[in-house]
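Q: Structure for this input, please:
(one chain, ligands or ions: 1)
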Amino acid sequence: MTLLRLEGVTVRFGDRAVVDAVDLEVAEHETVCVLGPSGSGKSTLLRVVAGLQPPSAGRVVLAGADQAGVPVHRRGVGLMFQDHQLFPHRDVGGNVAFGLRARGSAKPEYEERVASLLELVGLPGAQRRAVASLSGGEQQRVALARALAPSPRLLMLDEPLGQLDRGLRERLVVELQGLFSRLGTTVLAVTHDQGEAFALADRVVVMRDGRIAQAGTPLEVWQRPASEFVARFLGFENVVPATVSGGAAATPWGEVPVPVGSPEGEGRLLVRPTGVVPGAGGLDCVVESRTFRGRHVALLLRPARGPVLEAECEPAAAPAVGDRIAVAFTPSEVVVLPSA
Ligand SMILES: Nc1ncnc2c1ncn2[C@@H]1O[C@H](COP(=O)(O)OP(=O)(O)OP(=O)(O)O)[C@@H](O)[C@H]1O
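A: Model prediction:
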């Protein structure tokens, strides 16, 4: 069942549409991550859903009810923002209990709930700890417990792990994912970190200039970026103009085989780094750099013609900087993108 539906939601500041006719549905128990570069309108979209920003046009429908005129505290949504905004003068328990007290829950009832929430987020018994004594990751967990406390029908996260270091972020993402699926929470999150979005989301929505550039499962978006913008945003650099005909594309790198059924004609071509394979024959290249990435080595190649190429290979088979190699292209790792 659809829990949240946005219909043509537009937010204008002056004559600029920062969110531009966005249609989006979030099903119950689904985690949707909105992803996009800085300024693409992600936070504004979240603020509209929360009721913090009135739309200039369009509707926000939550559990079948139009939210026009419904104030933030009546929407039944939980919010967790980047700078987690804990109350510094309250202890951990006081922070988590905040929304429950505001709702008028009795003390024994909310104390029990606070205890179980702290257990849930991995901080059992932390009720009396001062907020200032917590690490960044612990504060994030408290903010999450506070947002979950009133059992919101929709939990909204804005760059939830933004300020944490990478290792901690990666751990917390895995924990959050487990937590949300255990609780059956419906989540709408925004982030500019694609790794975070891909790890957390059932579905990702990529935004560009206030519009949805692509929506799909992480696998769909990763395997078939809908445009050069999405491909580059995902970190793919091997994108060139191409003319496709008869199972191959004419490109600045020469002829590149494309998957069966690719659209013919003028377009753009993406070759994933895993599809650039050092081998016996093909395009001559010089290895400009190699970076050890654990399971693989990332290579930057200067081809005899065309722009630099990113490639990936097994550490044991990686050529050295300055080596001359030839590469071939694997069609399954090639995507023909629309030229626009
Ligand atoms: N109250 C406002 N008045 C005028 N312009 C605004 C206002 N709020 C946001 N904007 C502008 O709208 C655009 C989108 O902002 P928004 O915060 O939604 O983007 P974002 O994708 O969340 O970016 P970031 O990842 O940097 O947070 C930005 O150019 C911003 O400057």
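Q: for the ligand, what are the nearby residues on the stretch 151-300 of the chain?
A: His192 (C-beta under 6 Å from any ligand atom). Placement of C-beta: from N, CA and C, glycine included.
Q: per-residue confidence at the residue of the stretch 151-300 of the chain found nearest the ligand?
A: Taking C-beta to the nearest ligand atom, the ligand has its nearest neighbour within the stretch 151-300 of the chain at His192, 4.8 Å off. At His192, the model reports a pLDDT of 85.
Q: Poorly predicted segments of the stretch 201-340 of the chain, please.
A: The model of the stretch 201-340 of the chain has pLDDT under 70 over residues 280, 339-340.
Q: rerun that using 90 as the cut-off
A: Low-confidence segments of the stretch 201-340 of the chain, defined by pLDDT under 90: 223, 246, 278-281, 293-295, 316-317, 338-340.
Q: What are the neighbouring residues in contact with the residue of the stretch 151-300 of the chain closest to the ligand?
A: 35-38, 42, 159 (C-beta atoms under 8 Å, 6 or more residues apart in numbering).
Q: now Arg166
A: If you count contacts by C-beta under 8 Å, 6+ apart, Arg166 has none.
Q: neighbouring strands for the helix or strand hosting Arg12, and are they parallel or not?
A: Using DSSP states H and E, the element containing Arg12 is strand 2-13. With DSSP bridges as the test, strand 2-13 is paired with strand 16-27 (antiparallel), strand 57-62 (antiparallel).
Q: I'd like those laid out as CSV, including distance to Glu119, mean neighbour count and mean pLDDT.
A: Formatted as CSV, these follow (distance: least, C-beta to C-beta, whole Å; neighbours: other C-beta atoms under 10 Å; pLDDT from 0 to 100):
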stretch, distance to Glu119, mean neighbour count, mean pLDDT
strand 16-27, 28, 18, 96
strand 57-62, 29, 17, 97
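Q: For Ser181, which of those strands is the nearest?
A: Among those, the nearest to Ser181 by C-beta to C-beta is strand 16-27 (13.7 Å).
Q: Wondering if the closest one reaches the ligand at all.
A: Yes: using C-beta under 6 Å from any ligand atom, strand 16-27 reaches the ligand at Val18.
Q: Is Ala215 bridged to anything, and to what?
A: With DSSP bridges as the rule, Ala215 is bridged to Val205.
Q: List the contacts of it.
A: 24, 203-206, 221.
Q: How about Thr275: what's its closest non-neighbour residue?
A: Let me fix one detail, which is that residue 275 is Gly and not Thr. Leaving aside its sequence neighbours, Gly275 sits nearest to Glu333 (C-beta to C-beta, 6 or more residues apart in numbering; 2.4 Å).
Q: Can you pull the phi and psi angles for the one you found?
A: Dihedral angles of Glu333 (phi, psi; degrees, to the nearest 10) stand at phi -100, psi 10.
Q: Thought Arg272 was touching it, still the case?
A: Yes: here Glu333 reaches Arg272: they are 4.3 Å apart, a contact under C-beta atoms under 8 Å.
Q: more neighbours, those two?
A: Using other C-beta atoms under 10 Å as the criterion, Glu333 and Arg272 rank with Arg272 on top: 22 against 18.
Q: Verify the stated contact: that one with Asn238.
A: Yes: contact criterion C-beta under 8 Å: Arg272 and Asn238 qualify, at 7.2 Å.
Q: Can you show me the helices along the stretch 51-200 of the chain?
A: Counting by DSSP state H, counting those that start in this stretch, the stretch 51-200 of the chain has these helices, from start to end: 92-102, 107-120, 136-148, 166-183, 194-200.
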